[in-house]
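Asks: Pasting the sequence and the predicted model now:
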Amino acid sequence: MTSFRLPSSKFRHVFSTASKRENSYEGFRLSKSSCDNPLCAANPKFLAYAIDCGGGGAFQVIPISKTGRLAASYPRFDAHSGDILDIQFNPFNDNQIGTCSDDTLIKIWDIPEDVESGQCDTGEMNRSIGSAQMELQGHQKKVQTIEWHPSAANVLLSAGGDNLIVIWNTLDGMACFQIEHPDQVFCASWSWDGKYFATSCKDLYIRIYDPRNEENPLVRQTASQAHDGKKQMQIKCIKDNKLVSTGFGRSSDRQYSLWDMNDLSAPLMSDELDQTSGVLFIIYDADSSMIYLVGRGDTTIRFYEVVGSKINYLNLQSYQEPHKGVAVMPKRGLDINHNEIMRFFRVLPNKNIIEPCTWTVPRKSDMFQADLYPETLSNVPSLEADEWLDGKNEDPRLVPIQSLIESAALAQEQKPKKTRAEMIAERAAARAGQAADEAMGKNRAAGKSSRYEAEKAAAGMTNGGASTAAAPTSAAATSSVDTARLLDEIKKLTLVVKAHEARIKQLEAAVGANNNVSEPMDSINGN
């Protein structure tokens, strides 16, 4: 009798640890949108999530270190007139984020500096901050998903309810390519090098497109339906021209399959999971070749390893509360000193909490485990948008993970800190605005109208509205803040000038040394 043996893997005994309540994120109302996206995104600087604001689509961005209960007065981005359906950080710019919505629009946002510094909360309720850096208009119905290009900067894919797929250049807001899809798109995923993208849609076929081939963009499609069930199907392109899909069978059993993107006639392998009704999202870690399957409404996360043409099951992790989905921290934001290989931010709608969960490989040694951390994705693009649009292809740039983390830590250390006078001025401005709002509330309760309230009403600002203007503050406080910012800018420019002067002196010295060396050589050649 032959005994069954599980394939060996260094990731089989990975374990997950959910953060305690005080190290999670709460104090907000998560969006109640029925879309199948998690509506949450993360990078080493920020955590972003869509919120329920009683009308329209809004989201908040908080520093990744700002755990615990969020103040009720924390500002928001009043982004759309309809529900937000997807939210994604730019992989090459941590301070830029894209959103799409029911209102047919896609918007690109630059996150203000005071959000990163944690100084954006002035105490005013329902305050809106930021304005869209770019607004992309091209869809006639809701925009369901957006996807940044993996190797080219400022290239964005969007798919809408009008069965239209659009490739955008977010630098100028131009729609570079438009592809009419046969049916409603469920999911879209770029290939590893960004040459193609794959789609899953309502007719349950998988299709691969070359968007730059405008005459015939469809490259190939599956010979039949990829999964027999009628529920939503998800896909994810991975390395080595492979593709992973999840869907449902005829009896509503959840399935996953591995495909060769060069031959979609039949899957390389398929397997079944269970008969739960939640959509299975696919998280792919290119460094470890691991796949995580996250089911909507599940309390478990299963993880696998891709080896050749197989997907080997490794294990699963269970939690107490069901999740709607997860946001994923890029590798450059992980704690490599404790063998962390993945960090999820579980969206728990029942408790309005976002819960960080770390995934760690147990090792006895405290030294850096080089075998767990091969070169990882850089935050520097391999191509510019114009190069990709001209037909060039490049794999994503890979760099040692240690250099990424060290450079990020060095940039944080070199970042100028606020002076005491600047912090006092900002606190004074915040207190002045809060005091004015409190006085306005008392006057309103007494049936009076203050001068501040009249000015605010004349400017079209109300506490309950979605105004983008900040609360009026005292002239002295505002002047003090402006002066402090100007002085800080002067200091920065002075440091830049000094650095350039030092570099000029170094270059002049090098030129002089080269001239001194060349003179004897000329005399030797002359002899």
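Replies: Yep, that arrived. Only a predicted model underlies this, so the values are computations on that prediction, with no experimental measurement involved.

Asks: Just the C-alphas of stretch 9-17, formatted as PDB.
Replies: Output of stretch 9-17 as PDB, limited to C-alpha atoms (Å, rounded to 0.1, in the frame of the first residue of the first chain):
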ATOM      1  CA  SER A   9       7.800  23.200   0.800                       C
ATOM      2  CA  LYS A  10       9.500  25.700   3.100                       C
ATOM      3  CA  PHE A  11       6.200  27.600   3.300                       C
ATOM      4  CA  ARG A  12       4.100  24.700   4.500                       C
ATOM      5  CA  HIS A  13       4.300  25.800   8.200                       C
ATOM      6  CA  VAL A  14       3.600  29.500   7.600                       C
ATOM      7  CA  PHE A  15       1.400  30.800  10.400                       C
ATOM      8  CA  SER A  16      -0.800  33.900  10.500                       C
ATOM      9  CA  THR A  17      -1.200  36.200  13.500                       C
END
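
Asks: That stretch - what's its average pLDDT?
Replies: Mean per-residue pLDDT for stretch 9-17: 91.

Asks: And stretch 192-206, by the same measure?
Replies: Per-residue pLDDT values across stretch 192-206 average out to 95.

Asks: and it, how far from the chain's centre?
Replies: Offset of stretch 192-206 from its chain centre (CA atoms, centre = their mean, to the nearest Å): 21 Å.

Asks: how about it: buried residues?
Replies: For stretch 192-206, burial by neighbour count (16 or more other CB atoms under 10 Å) applies to 192-201, 204-206. Glycine gets a C-beta too; all of them are placed from N, C-alpha and C.

Asks: quick one: what helix or strand has Ala510 in it?
Replies: Using DSSP states H and E, Ala510 falls within helix 475-526.

Asks: So which helix or strand of this structure has the lowest pLDDT on average?
Replies: Lowest on mean pLDDT, DSSP states H and E among the helices and strands of the chain sits helix 451-458, with a mean of 46.

Asks: Report the beta-bridge partners for the residue lying closest to Tyr313 once chain neighbours are set aside.
Replies: Among residues not flanking Tyr313 along the chain, Tyr304 sits closest, at 5.5 Å (CB to CB, 6 or more residues apart in numbering). Under DSSP bridges, the beta-bridge partners of Tyr304 are Ile291, Tyr313.

Asks: Tyr304 touches Ser288, doesn't it?
Replies: No: the criterion here is CB atoms under 8 Å, and Tyr304 misses it with Ser288 at 10.8 Å.

Asks: what ranges do the helices span in the protein?
Replies: Using DSSP state H, the helices of the chain run over 113-117, 385-389, 401-414, 420-445, 451-458, 475-526.

Asks: Excluding chain neighbours, what is closest to Pro182?
Replies: Using CB to CB, 6+ apart, the closest residue to Pro182 is Asp203 (6.4 Å).

Asks: Okay, now the unreliable bits of the protein?
Replies: Within the chain, the stretches falling below the threshold (pLDDT under 70) are 1-6, 406-482, 484-485, 488, 491-492, 495-496, 498-499, 515-527.

Asks: Please determine how far the residue nearest the centre of it is located from Gly27.
Replies: Centroid-nearest residue in the chain, with CA atoms, centre = their mean: Phe89, separated by 2.9 Å. Plainly put, Phe89 is 22 Å away from Gly27 if you go by CB to CB, to the nearest Å.

Asks: just Glu180 next, same as before
Replies: As defined by CB to CB, Glu180 lies at a distance of 44 Å from Gly27.

Asks: Over to Lys364?
Replies: Applying CB to CB to Lys364 and Gly27 gives a distance of 39 Å.

Asks: The two - which one has more neighbours?
Replies: Gly27 (13 against 4; other CB atoms under 10 Å).

Asks: wouldn't the more buried one be in contact with Arg69 here?
Replies: Yes: using CB under 8 Å, Gly27 is in contact with Arg69, at 4.0 Å.

Asks: picking that back up, what sits against the residue nearest to Tyr313?
Replies: With contacts defined as CB atoms under 8 Å, 6 or more residues apart in numbering, Tyr304 is in contact with 290-293, 311-314.

Asks: Going through those, which ones are buried?
Replies: In the contacts of Tyr304, the ones that pass as buried (16+ other CB under 10 Å) are 290-293, 311-312, 314.

Asks: Between those, which sits nearest Ile353?
Replies: Nearest to Ile353 among the buried ones among the contacts of Tyr304, counting by CB to CB, is Tyr292 at 20.2 Å.

Asks: residues near the residue nearest to that closest one when sequence neighbours are not counted, how many?
Replies: With sequence-adjacent residues excluded and distances taken as CB to CB, 6+ apart, Tyr292 is closest to Ile283, at 4.0 Å. Applying other CB under 10 Å, we find 18 residues neighbouring Ile283.

Asks: residues in contact with Ile283?
Replies: Applying CB under 8 Å, 6+ apart to Ile283 gives the contacts 236, 291-294, 326, 328, 344.

Asks: For Ile238, see how far away it is.
Replies: According to CB to CB, Ile283 and Ile238 sit 11 Å apart.

Asks: swap in Asn23?
Replies: Here the criterion is CB to CB. By it, Asn23 lies 32 Å from Ile238.

Asks: Which of those two has more residues huddled nearby?
Replies: Neighbours were counted for Asn23 and for Ile238 using other CB under 10 Å; Ile238 has more, 21 against 11.

Asks: Leu268 versus that one, what's the distance?
Replies: 12 Å.

Asks: repeat for Phe248
Replies: Look at Phe248 and Leu268: by CB to CB, they are 20 Å apart.

Asks: for Glu384, same thing?
Replies: Distance check for Glu384 against Leu268: by CB to CB, it reads 35 Å.

Asks: Now for Glu387, how many residues are close by?
Replies: By other CB under 10 Å, the residues close to Glu387 number 15.

Asks: How about His13?
Replies: Using other CB under 10 Å, His13 has 12 neighbouring residues.

Asks: same thing with Gly308?
Replies: Neighbourhood size, Gly308 [other CB under 10 Å]: 10.

Asks: Without its sequence neighbours, what residue ends up closest to Val155?
Replies: For Val155, ignoring the flanking residues on the chain, the nearest one in space by CB to CB, 6+ apart is His149 at 3.7 Å.

Asks: Kindly list the main-chain dihedrals of the closest residue in space to Val380 that isn't next to it in sequence?
Replies: Counting by CB to CB, 6+ apart, Arg397 is the residue found nearest to Val380 once chain neighbours are left out, at 5.6 Å. The phi and psi torsions at Arg397 (degrees, to the nearest 10) take the values phi -70, psi 130.
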